[in-house]
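K.L.:
need a structure here:
(one chain, ligands or ions: 1)
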Amino acid sequence: MMDIRKKTFDRLVEIVYETSGISLGPRKQALVCARVSKRMRVLGIGCFDEYLAYLEEHRGEVVGLLDAISTNVTSFFREPHHFDFIAEAAGLWYESGQRRFRFWSAASSTGEEPYSLAMVVKEALPFPDVDLRILATDISTEALAVCEDAAYDLGRMEPVPAALRDRWFSPVRGTAQSLWQAKPALRDAVVFRRMNLSTPPFPMTGPLDAIFCRNVMIYFDDVVRRRLLEECNRLLKPGGFLVVGHAESLAGMIADFKYVRPSIYRKA
Ligand SMILES: C[S@@+](CC[C@H](N)C(=O)[O-])C[C@H]1O[C@@H](n2cnc3c(N)ncnc32)[C@H](O)[C@@H]1O
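P.N.:
Down below sits the predicted model:
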């Protein structure tokens with residue numbers, strides 16, 4: 001592995017924090033270097049100092065840097081109880097007369113989360129008068145491109161029960177790999193935007209029924225987390241739900257929310 005000078009690493013960490021809110025401690029050095037090296041190979045750059053100089057001069061490269069740095073691990077129906085919970089809540093809201101449903105997958109990565117959400121809500125509310133929109137946002141343009149294409153290989157499709165897969169996806173013919181692509185009825189419910197969660201206020205007005213903000217706050221420090229949670233609170237409707245990853249501790253930061261069950265909070 002190529003060496004990096006401390007000053008160069010510190011400046012890269014600073015730029016990542018300023019542009020994404022992602023905190024990279026010294027323990028992340030090996031990981032960061034491996035990921036940035038990949039990006040450097042694409043650009044034909046041979047050392048970290050040269051990459052930093054390039055980045056300082058071409059600030060648009062920050063998008064490439066963040067694409068390289070971000071961890072996009074996700075899966076369909078990850079933490080399935082979250083989806084069961086929202087399907088049930090949506091059913092109750094429908095029964096009480098609600099017809100317009102707005103959800104936000106705040107760090108949607110490659111799309112498995114917003115499409116899982118779209119499937120469960122559509123299954124729970126198979127009625128023609130339902131107006132459903134799921135906003136999927138992420139900072140990674142590469143992840144968003146996959147999300148928008150909505151085509152997944154067999155491995156990624158594995159958590160999707162066959163009945164749901166056949167209803168909401170169709171096999172893509174003529175590809176070397178076996179791919180399943182979301183049908184228009186599912187894709188049309190999801191809209192995509194590149195958005196940086198560390199720089200609220202966000203352009204949406206709300207009110208939102210639920211926000212999935214899962215497995216992203218782990219990369220932020222408390223300052224960024226607190227700002228983001230305040231913004232989630234502003235955007236949710238009273239009684240709307242904030243769903244976070246089970247590994248995310250929001251202790252001391254969720255005064256505006258009522259605890260419902262582990263990793264699920266309700267706007268008071
Ligand atoms: C581990 S994935 C989580 C995906 C999904 N929410 C889940 O739980 O399966 C984290 C995602 O957060 C995104 N991310 C990191 N920092 C971000 C920021 N400042 N603004 C928006 N998205 C960010 C990454 O690009 C990545 O796609």
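K.L.:
so where's the chain shaky on pLDDT?
P.N.:
By pLDDT under 70, the low-scoring segments of the chain are 1.
K.L.:
flag every residue of it that's near the ligand.
P.N.:
20-22, 70-74, 78, 107, 109, 113, 138-140, 143, 195-198, 214-216, 219, 245 (Cβ under 6 Å from any ligand atom). From N, CA and C alone the C-beta is placed, and that goes for glycine too.
K.L.:
cutoff 5 Å now
P.N.:
Within the chain, the residues that sit near the ligand (Cβ under 5 Å from any ligand atom) are 20-21, 70-74, 78, 107, 109, 113, 138-140, 143, 196-198, 214-216.
K.L.:
just these: which are in helices?
P.N.:
Judged by DSSP state H, the subset of the residues of the chain next to the ligand located in helices is 20, 113, 143.
K.L.:
residue contacts, the second one?
P.N.:
When contacts are counted by Cβ atoms under 8 Å, 6 or more residues apart in numbering, residue 113 touches 74, 78, 105, 136, 212, 214.
K.L.:
for residue 52, state which of those is nearest.
P.N.:
When the contacts of residue 113 are compared for distance to residue 52 (Cβ to Cβ), residue 74 comes out closest, at 29.9 Å.
K.L.:
any idea how far residue 136 is from the closest one?
P.N.:
According to Cβ to Cβ, to the nearest Å, residue 74 stands 11 Å off from residue 136.
K.L.:
more neighbours: these two, which one.
P.N.:
The residue with more neighbours, out of residue 74 and residue 136, is residue 136; 28 against 21, by other Cβ atoms under 10 Å.
K.L.:
surely the more buried one touches residue 112?
P.N.:
No. Taking contacts as Cβ atoms under 8 Å, residue 136 lies outside contact range of residue 112: 10.3 Å.
K.L.:
what touches both of the two?
P.N.:
With Cβ under 8 Å, 6+ apart, residue 136 and residue 112 have no common neighbours.
K.L.:
could you pull out the helices for the stretch 151-268 of the chain?
P.N.:
154-157, 162-168, 184-187, 222-235 (DSSP state H, counting those that start in this stretch).
K.L.:
only C-alpha atoms, please: export the third one in CSV.
P.N.:
So that's helix 184-187. Provided in CSV are the C-alpha atoms of helix 184-187 (Å, rounded to 0.1, in the frame of the first residue of the first chain):
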residue,chain,number,x,y,z
PRO,A,184,-42.7,0.8,-13.8
ALA,A,185,-45.4,0.5,-11.2
LEU,A,186,-42.7,0.2,-8.5
ARG,A,187,-40.2,2.6,-10.0
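K.L.:
coming back round to it: show the buried residues in the residues of the chain next to the ligand.
P.N.:
The neighbour-count test (16 or more other Cβ atoms under 10 Å) applied to the residues of the chain next to the ligand identifies 20-21, 70, 74, 78, 107, 109, 113, 138-140, 143, 197-198, 214-216 as buried.
K.L.:
list the ones among those that fall in strands.
P.N.:
Using DSSP state E, residue 138 are the members of these that sit in strands.
K.L.:
nearest spatial neighbour of residue 152, skipping sequence neighbours?
P.N.:
residue 180 (5.7 Å; Cβ to Cβ, 6 or more residues apart in numbering).
K.L.:
the domain parsing of the chain - what is it?
P.N.:
6-69, 80-150+184-267 (automatic domain parsing).
K.L.:
deepest of those domains, which one?
P.N.:
Per residue and on average, the most neighbours among these fall to domain 80-150+184-267, with a mean of 18 (mean count of other Cβ atoms under 10 Å).
K.L.:
and it, how far apart are its ends?
P.N.:
22 Å (Cα to Cα, to the nearest Å).
K.L.:
next: stretch 210-230.
P.N.:
Stretch 210-230 stretches 14 Å from its first residue to its last (Cα to Cα).
K.L.:
with stretch 92-104 instead?
P.N.:
Across stretch 92-104, the terminal residues are separated by 19 Å (Cα to Cα).
K.L.:
which residues sit against it?
P.N.:
Residues from elsewhere that reach stretch 92-104, judged by Cβ under 8 Å, 6+ apart: 86, 90, 114, 117, 121, 124-125, 127, 129-135, 137, 204, 206-212, 235.
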